[in-house]
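Visitor: my questions are about this predicted structure, shown below with the sequence.
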Amino acid sequence: MRTQLRFGAMVGLAVAGIAGGGLVSASTDTTPPDATMAEGTMAEGTMAEGTMAEGTMAEGTMAEGTMAEGTTAAGEAVTFEAGLEFNSILLPKFTGIAVFDQANEGAQEAAAELGTDPAEFLGPTADNSVAGQIEIVTNAATQGVDAVMISNNAGDQIEPAVQAAVDAGVEVVTWDSPIPSGEGESVFVAQVDFDETGQVMADMTRSIIGDDGGQIAILSASPDAANQNAWIAAYEEVLAGGDYENVELVDTVYGNDESEESYNQALALVDQYPDLELIMAPTTVGIAAAAKAMQDEGLCEQVKVSGLGLPDEMREYNESGCAPEFALWSFVDLGYLTYYVTYGLATDQIAAEEGATFEAGRMGTFTIEVDPTRDNGLRVLMGPFTVYTSENIDG
């Protein structure tokens, strides 16, 4: 057993993070898991045959419902008029995380296509994420912005600030991580179906530790992250089924999407649970930190790491065998889609109503639908996942 955690071994650890309200679902056809990914909707790379659970790809059918304002005919999608005045803020959980930078790239791409000003990319620091997000949304209510696009890291604490912004005429759209109650947000742009995330993580668990099962632990981001909590709940629900009765979830810990803290939490799990076989980290910061910790300590044969990670940051750990499988989606596409739907809502070209259908540039047609993963709220569903293995990580 170790008597102390290691704080100096984190030099050079890549920094990246997963961030997480109505939903919008893609109405374009998707490709089965044993084929290549649907063009333009997923992270770069083709899927390895057999690595993705059946049913994890987003369905291509549109949600039923009444036509939204601006829809030209039944079943016909709105193509947005470009060049309208639109002043917005893209608010990540915090800055300095690669996936949020990628989302900003996608939003800038969309702004250029629509002939509008790019969103101001504005976020708090990691150590002040909750209070910082609340402050930025509060200030937006008095700054004359048309819209705020937020990856919510403050849970329901953000509601009063969001409501004040909405009362001031600001369109509030969440992306990556919604407001749990759905209060105040017009729509949530969901990267994937949150319930499916649990199944994908369970399938990777089975693939990595085998049919004999064993002890696993979860390394999450922050306790207030709505997307993390929803994914973990979905994962635990799948694990509770009969097919996973020999998989024992021993603990859930939080690294707060900080590399050093996540690294040390991973080592603490190994110290506390000597029979641990897998650390599941649904956060790109956490998975990279945990994989580095196992590799640094020579523990990759004993404890594997999986979860949600960026291929460029996980390649070394995949090659070493520390992280044989992990999953993700395209954050560039997520930022791109978020900007499109927010522009359409803020310029009154579509309404935040179930059934509203619109064109989102290169990504195709999407429809606003009821969010089935929350008690209240709408969503736009992007999807689907890519599961990365040694066969497709260089895709």
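Guide: Perfect, thanks for sending it.
Visitor: can you get me a residue count around residue 157?
Guide: 15 (other C-beta atoms under 10 Å). Heads up, the C-betas are built off the backbone N, CA and C, glycines and all.
Visitor: doesn't residue 226 make contact with it?
Guide: No - between residue 157 and residue 226 there is no contact under C-beta atoms under 8 Å: 10.8 Å.
Visitor: C-alpha coordinates for stretch 206-213, PDB please?
Guide: C-alpha atoms of stretch 206-213 as PDB (Å, rounded to 0.1, in the frame of the first residue of the first chain):
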ATOM      1  CA  ARG A 206     -17.800  -6.400 -20.300                       C
ATOM      2  CA  SER A 207     -15.400  -6.400 -23.300                       C
ATOM      3  CA  ILE A 208     -12.400  -5.400 -21.100                       C
ATOM      4  CA  ILE A 209     -12.900  -7.400 -17.900                       C
ATOM      5  CA  GLY A 210     -14.600 -10.400 -19.500                       C
ATOM      6  CA  ASP A 211     -17.500 -12.600 -18.600                       C
ATOM      7  CA  ASP A 212     -16.100 -13.500 -15.200                       C
ATOM      8  CA  GLY A 213     -16.600  -9.900 -14.100                       C
END
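Visitor: list the buried residues of that stretch.
Guide: Residues of stretch 206-213 classed as buried: 206-209, 213 (neighbour count, 16 or more other C-beta atoms under 10 Å).
Visitor: also stretch 320-331?
Guide: 322-331.
Visitor: hmm, which two among those residues are most spread apart?
Guide: Across the buried residues of stretch 320-331, the longest distance by C-beta to C-beta is 24.0 Å; it joins 322 and 330.
Visitor: surely residue 280 and residue 235 touch.
Guide: Yes - between residue 280 and residue 235 there is a contact at 7.2 Å, judged by C-beta under 8 Å.
Visitor: more crowded one of those two?
Guide: Per other C-beta under 10 Å, whichever of residue 280 and residue 235 has more neighbours is residue 280, with 29 against 26.
Visitor: sorry, back to before: give the intersection of the neighbour lists for residue 280 and residue 235.
Guide: Counting by C-beta atoms under 8 Å, 6 or more residues apart in numbering, the residues touching both residue 280 and residue 235 are 201, 218.
Visitor: mind checking how far the helix or strand where residue 196 lies is from the chain centre?
Guide: Per DSSP states H and E, residue 196 falls inside helix 194-209. How far helix 194-209 lies from its chain's middle: 15 Å, per C-alpha atoms, centre = their mean, to the nearest Å.
Visitor: can you name the next helix or strand after it?
Guide: That would be, after helix 194-209 and using DSSP H and E, strand 214-220.
Visitor: for that following strand, name the packing helices and strands.
Guide: Packing partners of strand 214-220 (3 or more C-beta pairs under 8 Å, 6 or more residues apart in numbering; DSSP states H and E): helix 226-239, strand 247-254, helix 259-272, strand 276-281, helix 284-296.
Visitor: got the angle for the last one vs strand 276-281?
Guide: Just to be clear, that refers to helix 284-296. 150 degrees (axes from the mean of the first three to the mean of the last three C-alpha atoms, to 10 degrees).
Visitor: same for helix 284-296, what does it pack against?
Guide: Against helix 284-296 (3+ C-beta pairs under 8 Å, 6+ apart) you get strand 214-220, helix 259-272, strand 276-281, strand 304-307, helix 311-319.
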